[in-house]
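Trainee: Turn this into a model:
(chains A and B)
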Amino acid sequence: MGHLNANPVLDVASDKTMILNMGPQHPSTHGVLRLLLEIDGEAVVRMMPDIGFLHTGIEKTCEAKFYQQVVPLTDRIDYLCPMVNNLCYVLAVEKLLGLEIPPRAQWIRVMLAELQRISSHLVWLGTHAMDIGAMSVFLYCFREREDLLRIYEMVSGQRMMTSYFRIGGLALDPPLGFFDKVKKFLDIFPEKVDEYENLLTGNRIFIDRLKDVAHISAEDGLAIGLTGPSLRASGIDFDIRRDMPYSSYEKFKFKVPVAKDGDVWARYVCRVQELRESREIAKQALEGLPEGPTKADAPKVVLPDREKMKTQMEALIYHFKIVTEGFTVPAGEVYQAIESPRGEMGYYIVSDGTAKPMRVHMRSPSYANLQALPMMCEGRLIADVVAAIGSIDIVLGEIDR
Amino acid sequence: MPLAPAVTDLEQLKDRPVLAALLAWNAKAILGAKFDHDELSIYIARESIREACTQLKAQGLAEFLSDLTCADFYPRQPRFEMAYHLLSIKRKDRVRLKVKLEGDDASLESITPVWPSANFFEREVFDLFGVRFLGHPYLRRIMMPEDWQGHPLRKDYPVEGYR
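Mentor: Below you'll find the model as predicted:
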């Protein structure tokens, strides 16, 4: 962090190029990202990303917490889709424990994960359009996101740091009126996507700024570690939800949007279509929602219901034990990957058989996707850098961790 | 679902395509294998990791490097275990390559020439664990400040840091 001085980049002898610092306080770097640009006039000759300004050592902190205490930390990795992070972590721990999750909990997890994908893509769409110069889209996107934040607040008590998915199921069954509210949102949402597309997809200025800009081929994308919608926009038809399903995704029907061009426009098209597909998945989850418990039958791992705790001695003992000394997880290691809005999010957890994880590593999609940025921008104009950053949809919280 | 016990016998696992390919390439470089939680881990000799990755990529058994990281088992020796998570998009399968490293000589060959995406991941492991990658194009700290002392994710580094 902060160590990149001009010397390794600057070709002093030729005196042709100059160094330009972009960030870390630049509004269109979407957080505290510093880009070191070597420019020749208006053209970018070389680019070096400098990260680490937001490093909080979450991976180290996880090693000092009980397994269930790590869940709130995962919210703070990718703060635009906390439940997707929760989901990835709890799936990894459940894999280590060999826990079976009741279908109702899995369905609600899928529904909320897709709503999170929508709200995350809305932030991307709003800020990306604003970087290009379309201010009003930002306001429309945040209007719908506000509805979603209210839904998260209703179900978990928090707008952003939800911690709603727990090891073994959900924190609580959703409250009364929750499903009606979700249904209402899903019913109006397609019109709203039409509205955004009306403003952008046919807009001459927007198209000119996005088409044939920051191109990356499928081979380069695979080599540099690109995942998610950014890779699918280069023509690789791979989605972990469909191809290596987790949390009952194999029971849902949905299309995976793929584009061939690999430019900023293709990435825009893929993500906007994903907005519609995510709505379809959430709708299926809502309509086919099974009845039953939302927590696994594992009293040594899952906290008991409040009511049980007040009336049953056993439940009180289990509650006391889980809270004071945690629960042990059999020794072993797992790597659980899921499709986050940005790409492949993976949790690598090593357990040594105690109540605290020995190692928690987060494979964050933004971290790998950021490496593709120099490849996209070098040799192009400086104004395209802004469009390229928006198109890979990075979140600095999960890059620096 | 009850947990199935881990399979560590090479004989039982040798039918798996990745392991079969690696055994056919150089059986001496394969130090062991483990199948646990539906995931295959293969232990590779330290000096063969880059070639093993090159082989798997060339034979089309893994075209994508998902993740590269390390875990510290201090005070056990060898204390570091590197983990390379490879993905095959074609076969929809993952495999984990593992390399054990001694604490006093924690270095191995960089796989950045095979997969450029390893660049940032290796820099992160170098920064937080102090493992050196030979042949890496730009091995500098990435998360911590340049003048930082120590490697925070090592187990002998206190969680609160040094005060």
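
Trainee: any low-confidence regions in chain B?
Mentor: Applying pLDDT under 70 to chain B picks out residues B:1-2, B:163.

Trainee: Can you tell me which residue of it sits closest to chain A?
Mentor: Using Cβ to the nearest Cβ, the single residue of chain B nearest to chain A is residue B:117, 2.9 Å away. All C-beta spots, glycine's among them, are computed from the backbone N, C-alpha and C.

Trainee: And the pLDDT at the residue of the stretch 101-250 of chain A found nearest chain B?
Mentor: The nearest approach of the stretch 101-250 of chain A to chain B comes at residue A:225, 2.9 Å away (Cβ to the nearest Cβ). Per-residue pLDDT puts residue A:225 at 89.

Trainee: Wait, it touches residue A:370, no?
Mentor: No: counting by Cβ atoms under 8 Å, residue A:225 does not reach residue A:370; the two are 9.3 Å apart.

Trainee: follow-up on the earlier one: list the contacts of the residue of the stretch 101-250 of chain A closest to chain B.
Mentor: By Cβ atoms under 8 Å, 6 or more residues apart in numbering or on different chains, residue A:225 lies in contact with A:368-369, A:371-372, B:64-65, B:115-117.

Trainee: repeat that for 6 Å
Mentor: Contacts for residue A:225 (Cβ atoms under 6 Å, 6 or more residues apart in numbering or on different chains) come out as A:368, A:371, B:117.

Trainee: repeat for residue B:122
Mentor: By Cβ under 6 Å, 6+ apart, residue B:122 lies in contact with B:110, B:133, B:136.

Trainee: count of neighbours near the first one?
Mentor: Residues near residue B:110, counting by other Cβ atoms under 10 Å in any protein chain shown, number 21.

Trainee: ok, so what distance separates the nearest residue to residue A:86 once chain neighbours are set aside from residue A:180?
Mentor: Spatial nearest neighbour of residue A:86, excluding adjacent residues (Cβ to Cβ, 6 or more residues apart in numbering or on different chains): residue A:165 at 4.0 Å. From residue A:165 over to residue A:180 the distance is 22 Å, taken as Cβ to Cβ, to the nearest Å.

Trainee: what about the two, which has more around it?
Mentor: It is residue A:165, of residue A:165 and residue A:180, that has more neighbours when counted by other Cβ under 10 Å, with 29 against 9.

Trainee: Before we move on, what's the pLDDT of the residue nearest to residue A:86?
Mentor: 92.

Trainee: got a list of what the nearest residue to the residue of the stretch 101-250 of chain A closest to chain B once chain neighbours are set aside touches?
Mentor: Leaving aside its sequence neighbours, residue A:225 sits nearest to residue B:117 (Cβ to Cβ, 6+ apart; 2.9 Å). Residues near residue B:117 by Cβ under 6 Å, 6+ apart: A:224-225, A:368, B:65.

Trainee: among these, which two are most distant?
Mentor: By the measure Cβ to Cβ, A:224 and B:65 form the most distant pair in the contacts of residue B:117, at 9.8 Å.

Trainee: Could you list which of the contacts of residue B:117 belong to strands?
Mentor: Assignment to strands by DSSP state E places the following of those there: residue B:65.

Trainee: Now the element after the longest helix along chain A, going C-ward?
Mentor: In terms of residue count, the longest helix belonging to chain A (DSSP state H) is helix A:103-132. Next along the chain after helix A:103-132, taking DSSP states H and E as the criterion, comes helix A:135-156.

Trainee: got the buried residues for that next one?
Mentor: Across helix A:135-156, burial judged by 16 or more other Cβ atoms under 10 Å in any protein chain shown covers A:137-138, A:140-141, A:144-145, A:147-149, A:151-152, A:154-156.

Trainee: Just the strands from chain A, written as ranges.
Mentor: Using DSSP E, strands in chain A cover A:18-22, A:34-40, A:43-50, A:165-166, A:169-170, A:332-340, A:343-351, A:359-363.

Trainee: Paired strands for the first one, with orientation please.
Mentor: According to DSSP bridges, strand A:18-22 has the following sheet partners: strand A:34-40 (antiparallel).

Trainee: mind listing what residue A:22 touches?
Mentor: A:35, A:37.

Trainee: bridging residues for it?
Mentor: Under DSSP bridges, the beta-bridge partners of residue A:22 are residue A:35.

Trainee: need the residues of chain B near chain A, please.
Mentor: Residues of chain B lying close to chain A (Cβ under 6 Å from any Cβ of the partner chain) are B:1, B:3, B:36-37, B:63-64, B:67, B:69, B:71, B:85, B:89, B:92, B:116-117, B:120, B:142-143, B:145-146, B:152-153, B:159.

Trainee: among the residues you listed, which ones are buried?
Mentor: B:36-37, B:63-64, B:67, B:69, B:71, B:85, B:89, B:116-117, B:120, B:142-143, B:152-153.

Trainee: Which ones among the residues you listed map onto strands?
Mentor: Per DSSP E, those map to strands at B:36, B:64, B:67, B:69, B:71, B:85.

Trainee: With respect to residue A:98, which of these is nearest?
Mentor: Nearest member of these to residue A:98, counting by Cβ to Cβ, is residue B:36, at 11.1 Å.

Trainee: Setting aside sequence neighbours, what's the nearest residue to that closest one?
Mentor: Spatial nearest neighbour of residue B:36, excluding adjacent residues (Cβ to Cβ, 6+ apart): residue B:6 at 3.7 Å.

Trainee: Do a quick rundown of the helices in chain B.
Mentor: Using DSSP H, helices in chain B cover B:10-13, B:17-25, B:49-58, B:118-129.

Trainee: and the second one with helix B:49-58, angle?
Mentor: Calculated by axes from the mean of the first three to the mean of the last three Cα atoms, to 10 degrees, helix B:17-25 forms an angle of 120 degrees with helix B:49-58.

Trainee: and what of the longest one?
Mentor: Here helix B:118-129 points in a direction 150 degrees away from that of helix B:49-58 (the same axes, to 10 degrees).

Trainee: Please export the alpha-carbon coordinates of helix B:118-129; PDB is fine.
Mentor: The C-alpha atoms that make up helix B:118-129 are tabulated as PDB, following Å, rounded to 0.1, in the frame of the first residue of the first chain:
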ATOM      1  CA  ALA B 118      -1.600 -15.700  -9.600                       C
ATOM      2  CA  ASN B 119       0.200 -12.400  -9.600                       C
ATOM      3  CA  PHE B 120      -1.900 -10.600  -6.900                       C
ATOM      4  CA  PHE B 121      -2.600 -13.800  -5.000                       C
ATOM      5  CA  GLU B 122       1.100 -14.600  -4.600                       C
ATOM      6  CA  ARG B 123       1.900 -11.000  -3.600                       C
ATOM      7  CA  GLU B 124      -0.800 -11.300  -0.900                       C
ATOM      8  CA  VAL B 125       0.700 -14.600   0.400                       C
ATOM      9  CA  PHE B 126       4.200 -13.000   0.400                       C
ATOM     10  CA  ASP B 127       2.900 -10.000   2.200                       C
ATOM     11  CA  LEU B 128       0.900 -11.800   4.900                       C
ATOM     12  CA  PHE B 129       2.800 -15.000   5.300                       C
END
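
Trainee: Okay, angle between it and strand A:43-50 too, please.
Mentor: Using the same axes, to 10 degrees: helix B:118-129 against strand A:43-50 is 30 degrees.

Trainee: Cool, thanks, signing off.
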